[in-house]
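> When you get a sec, could you give me coordinates for this:
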Amino acid sequence: MGTSTDPVYLRVLDDLRHRISSGLLEPGARVPSRNAIIARYGVGETAAKHALAVLAAEGLIEARPGSGSYVRHAPVTRYLEHGRLGHPGSPFGLAGPKGMDPKVVKIIHDAFKKGMEERSYLETIAKIDQEPFYLNTEDYRAFVRRTVPEQKQLMEELGFKPE
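Numbers count the residues shown, from 1 in each chain. Next up, the predicted model:
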């Protein structure tokens, strides 16, 4: 669960992720609508919309126009050489260093996102069995905060030492 300094949508996101991963929301189940999220979690429309957008970007849910959002069937997983499950795809995003002018981050971010829509980029990632998995600056920062400790632990378990 997020801390009090985290964006409010993370509380919704964490709970919905938990409900999906624990099986409370099974593959094919309808995910609560924006209005249901607003009522259940006491958040605004922006937070509800953002939580659903991140779940969709992560591949956990899929939107069906005119019908709502549904839990996707689990992605194909495979064991990596080190015995940990791996999922196809890695998110792409951009966040500047602490204190960087947000206007500069936005300019770089917008150019980066536009580049991800280029045909040559899409063809290249398809060759390595990747799919576009974009996170905006705020979500990418949250992703990094969540996964860097896991990656550090993995590197230690594999015998890599920081120089």
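> What separation do you get for the spatially most central residue of the chain and F143?
Centroid-nearest residue in the chain, with CA atoms, centre = their mean: E58, separated by 4.1 Å. The gap separating E58 from F143 is 9 Å, by CB to CB, to the nearest Å. Glycine gets a C-beta too; all of them are placed from N, C-alpha and C.
> same check, this time on G159
26 Å.
> Show me how this structure divides into domains.
As given by automatic domain parsing, the domain ranges for the chain are 9-71, 78-156.
> Pipe those into TSV and attach mean pLDDT per row.
Output for these, formatted as TSV (pLDDT from 0 to 100):
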stretch	mean pLDDT
domain 9-71	90
domain 78-156	75
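> Mean neighbour count, those: which tops it?
domain 9-71 (a mean of 16; mean count of other CB atoms under 10 Å).
> list residues touching both of E58 and F143?
Counting by CB atoms under 8 Å, 6 or more residues apart in numbering, the residues touching both E58 and F143 are P91.
> before we move on, the earlier item: if I look at the residue nearest to the centre of the chain, how far off is L135?
8 Å.
> Same check on I108?
15 Å.
> next one: F160
From F160 across to L135, the span is 26 Å (CB to CB).
> Check N35 too.
Computed as CB to CB, the N35 to L135 distance reads 25 Å.
> Contacts for the helix ranked longest in the chain next, please.
Ranked by residue count under DSSP state H, the longest helix found in the chain is helix 137-157. Helix 137-157 is contacted from outside by 6-7, 10, 54, 57, 82, 84, 91-96, 105, 109, 135, using CB under 8 Å, 6+ apart.
> please redo it, this time with the cut-off set to 7 Å
Contact with helix 137-157 is made by P7, L10, V54, H82, R84, P91, G93, L94, A95, V105, H109, L135, as judged by CB atoms under 7 Å, 6 or more residues apart in numbering.
> what do you get for stretch 7-26?
Against stretch 7-26 from outside (CB under 7 Å, 6+ apart): 1-2, 31, 37, 41, 43, 47-48, 50-51, 54-55, 60, 71, 138, 142.
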